[in-house]
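> coordinates only, sequence not included:
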């Protein structure tokens, strides 16, 4: 940065340097008294009892007093507001006495017209050659700009808080559009779902839906897009609509996932690979049982809770992540649910969560053991139990969690 | 919270990344930068020594897939070595066990690559 007044005392300009120095020195000597009187800050000298011995013009102007009104007549504390007086007595004066100096203390002065002047005050005790304190020198800085700055900061903070709240509302709204507002009801089937948001600031990438196909069959899916935020939301939307459209033409789960893989590969850029894991299936209720055929694209295995009290995973070996491999492989499997059986789909936030914020992740074994304890349980009972389990994880959830469960209704709906 | 460390050993044959800790969404961009920072030529090999890696989440998988894609594009080899049981299961669920070549050790991975090239 260049600073200068046009004069350059330390420079190497040789045209009459002697004269220049004299002018500068005269300027400086002249200014000592002037500097004191009209300095850009207030100066104040008080005796040890606090009475004002000397005060500069700047401070008098700020306060609106004349020199005669203050010098020898008033104490420094008389210039303070009530709160300032208290603070001076309890903090400022004791610290000054103890340390011999005190700096940057925010106080308020009361001006002659009653207005308040926010200031920053620094004081130092001047001692004699014997070390005995003689008087107190004080500088006073106008802090109105600083107060204004602090108010500005506060307002910016309030604005930011409002923006955060708005962002959260937006994220929540967007999240809702990615999930069905209400699950469709399938005759003869109990369906329960649960969505748990890990962060209110970011849209998560979990999704699920149940929708009718022709000929009495129903399509369903539950998946997880890698990542969070707006990119994940866009990809979630793409995945949902692609699967629903693809299922209209050919609901075969392997074929639907193949379509989704093709579409997502077209979106995918090699420098920022994005994929999803998903289970897509087709179900049909017949003769008080439900036949479910589904395929998995790299998704955690479905969990079966049987009416006989057993529970097990249903794997779809070899199903690959959707969207990053040109010819991803998917295999389908079938399950028949009888009354009392439940199939649970979930996203990996469940098994990767850390119970009670510990270091260990929950894991697939623990989930299976939990399911064994729980079985038999209806779709709603299963989802409720999982939701209670997640409550115990507290802050140990990094990722959103989606749950979707099906069970065959045990009682006929009232007619 | 367990962090991730990635140590790179570079030789004429390529680069060996030693991973240790947890690979997840918190540190995935760090590993991506490390992987993008190395030069890779035809015939060379990218090996990830996973022996110190105890966990890998779904975002962590992306960086491994990205590294693999990068190696294939450069006509280089890509291999994983010493994958722990837990991480192997994550690969299996994601169907990536069929995509990655996995060897018991970095030496075995390098040997297999040299053999296939020779």
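Arrived safely. Every value quoted in this text rests on a predicted model; they were computed, and no experiment measured them. Residues are numbered from 1 along each chain as shown, chains lettered A, B, ... in the order given.
> From here on, just use CA atoms for contacts and neighbour counts.
Will do.
> of all the residues in chain B, which ones are close to chain A?
Residues of chain B lying near chain A by CA under 8 Å from any CA of the partner chain: B:1, B:25, B:58-59, B:62-63, B:65-66, B:69, B:92-96, B:98.
> And the buried ones among the residues you listed, selectable in PyMOL?
In PyMOL, selecting the buried portion of the residues of chain B next to chain A, with burial taken from 16 or more other CA atoms under 10 Å in any protein chain shown, looks like this:
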select buried, chain B and resi 25+58+59+62+63+65+66+69+92+93+94+95+96
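> who's in contact with the residue of chain A found nearest chain B?
Residue nearest to chain B within chain A (CA to the nearest CA): residue A:298, separated by 3.6 Å. Residue A:298 makes contact with A:277, A:278, A:318, A:319, A:320, A:321, A:322, B:93, B:94, B:95, according to CA atoms under 8 Å, 6 or more residues apart in numbering or on different chains.
> Sitting in helices, which of those do you find?
residue B:93 (DSSP state H).
> In CSV: the contacts of residue A:298, plus pLDDT and distance to residue A:81.
Formatted as CSV, the contacts of residue A:298 follow (pLDDT from 0 to 100; distance: CA to CA, whole Å):
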residue, pLDDT, distance to residue A:81
A:277, 93, 67
A:278, 96, 68
A:318, 84, 78
A:319, 92, 76
A:320, 93, 74
A:321, 91, 70
A:322, 93, 70
B:93, 88, 71
B:94, 89, 70
B:95, 89, 74
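> Other residues contacting stretch B:5-16?
With contacts defined as CA under 8 Å, 6+ apart, stretch B:5-16 is touched by B:17-21, B:31, B:34, B:38, B:40, B:43-49, B:106.
> and if you look at stretch A:276-288?
Looking at what lies outside stretch A:276-288 - CA under 8 Å, 6+ apart - the contacts are A:187-189, A:216-226, A:251-253, A:256-257, A:290-299, A:321-323, A:338-339, A:408-409, B:94.
> Generate a PyMOL selection restricted to the buried subset of those residues.
Under the burial definition 16+ other CA under 10 Å, those of these that qualify are selected in PyMOL by:
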select buried, (chain A and resi 188+189+217+218+219+220+221+222+223+224+225+226+251+252+253+256+257+290+291+292+293+294+295+296+297+298+299+321+322+323+338+339+408+409) or (chain B and resi 94)
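> Out of the contacts of stretch A:276-288, list just those in strands.
In strands, defined here by DSSP state E, the members of the contacts of stretch A:276-288 are A:189, A:218-225, A:290-297, A:408.
> OK, contacts around residue B:103?
Applying CA under 8 Å, 6+ apart to residue B:103 gives the contacts B:79, B:80, B:81, B:82, B:109.
> Switch the residues you listed over to CSV, and while doing so, append secondary structure, pLDDT and neighbour count to every line.
Formatted as CSV, the contacts of residue B:103 follow (DSSP: H, G, I helix; E, B strand; the rest coil; pLDDT from 0 to 100; neighbours: other CA atoms under 10 Å in any protein chain shown):
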residue, secondary structure, pLDDT, neighbour count
B:79, strand, 95, 23
B:80, strand, 95, 23
B:81, strand, 95, 24
B:82, coil, 94, 19
B:109, helix, 94, 25
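> Which of those sits closest to chain A?
Lowest distance from chain A to the contacts of residue B:103 (CA to the nearest CA) belongs to residue B:79, with 16.8 Å.
> The closest one touches residue B:47, doesn't it?
Yes - at 4.9 Å, residue B:79 and residue B:47 qualify as touching, with contact defined as CA atoms under 8 Å.
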